[in-house]
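Trainee: Kindly generate the corresponding structure for this input.
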Amino acid sequence: MSLGSVSKNGVLYFSEPSENQFEEEYIKLRTLENRILTDEQVKQLPYLQSHPKSKEWEVRQQSTQKFLEYINGKAFNTVLEIGCGNGWFSNLMAKQNPEFTVWGVDVNVKELDQAARIFKNTKNLRFAYWDIFENHESAPKPGLIVLNASVQYFENINTLLKRLFKIIKAYGEIHIIDSPFYGEEDALKAKQRTIEYYSASNAGNLIPFYHHHVFDNIDGNYSVKKLYNPKGFSIRLKKLTGKKQNPFPWLKITK
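Mentor: I've put the predicted structure just below:
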């Protein structure tokens, strides 16, 4: 197979697929957690109905709607979602603005195959297997990069951002949503909770792949704006009414 020129199951390959311990362990844990969804369930996202995880998806409906409103009418042309999984969010972005070409990329073959199968009729949507730290001449040059619930699977936030700003067009935007960021002390506590959870779930091999990023460690040379701050006054006020609010920030990062 010539990388980037031939697709397999509707997925282009910009990186050579290899034995992937992360994918194997990730799928195993997601299955145990009842997070591997059928094609019909993926099509519902983020409005998942009659499922044990439906309540969790209610808070992601908030971030999804806000983000789709944000990109509406924008002239990004090419959009790249890194860690797209089963493709539901890439599909919604493509449908929100038919002028976009949206690329969903991941290193999870099983979910990429599912994404390409489910959303094959969305004409401005592409899926690719791509380790984004590898160069490929056919890889997209986006104006917008999105990481939706995926940045925690990258070890170093600044190494990641440095790479992304080599991929993105000048004056492009990087958005991180639905992922936790911590203070130094909270990050240490969260790491210990993750170790305990993975160990109890017989998924200890995943521990090296999950990372707890500290917001203040983001390189100060970047412009970082919180378009949604879960600790903001208005959000805390809404929590008092009993309505569950998304606990994760929405970061917009530019040079």
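Trainee: low-scoring stretches of the stretch 51-200 of the chain, by residue?
Mentor: Scanning the stretch 51-200 of the chain for pLDDT under 70 picks out nothing.
Trainee: pretty sure G83 contacts Q152?
Mentor: No - distance between G83 and Q152: 9.4 Å, which falls outside the contact criterion (Cβ atoms under 8 Å). Where C-beta positions appear, they are placed from N, C-alpha and C, glycine not excepted.
Trainee: what about the nearest residue to F209 once chain neighbours are set aside, how many neighbours?
Mentor: Nearest non-adjacent residue to F209, counting by Cβ to Cβ, 6 or more residues apart in numbering: F22, 5.0 Å away. Using other Cβ atoms under 10 Å, F22 has 15 neighbouring residues.
Trainee: Find the helix or strand that F22 is a member of.
Mentor: helix 21-32 (DSSP states H and E).
Trainee: and the residue nearest to the spatial centre of the chain, how far is that from K8?
Mentor: With distances taken as Cα atoms, centre = their mean, N148 lies nearest the centre of the chain, 2.7 Å away. For N148, the distance to K8 (Cβ to Cβ, to the nearest Å) stands at 24 Å.
Trainee: what separates Y47 from R30, distance-wise?
Mentor: From Y47 to R30 the distance is 20 Å (Cβ to Cβ).
Trainee: what does G85 give?
Mentor: 9 Å.
Trainee: do Q245 as well
Mentor: Taken as Cβ to Cβ, the span from Q245 to R30 is 25 Å.
Trainee: swap in P140?
Mentor: 27 Å.
Trainee: If anything else comes up later, I'll come back, but that's it for now.
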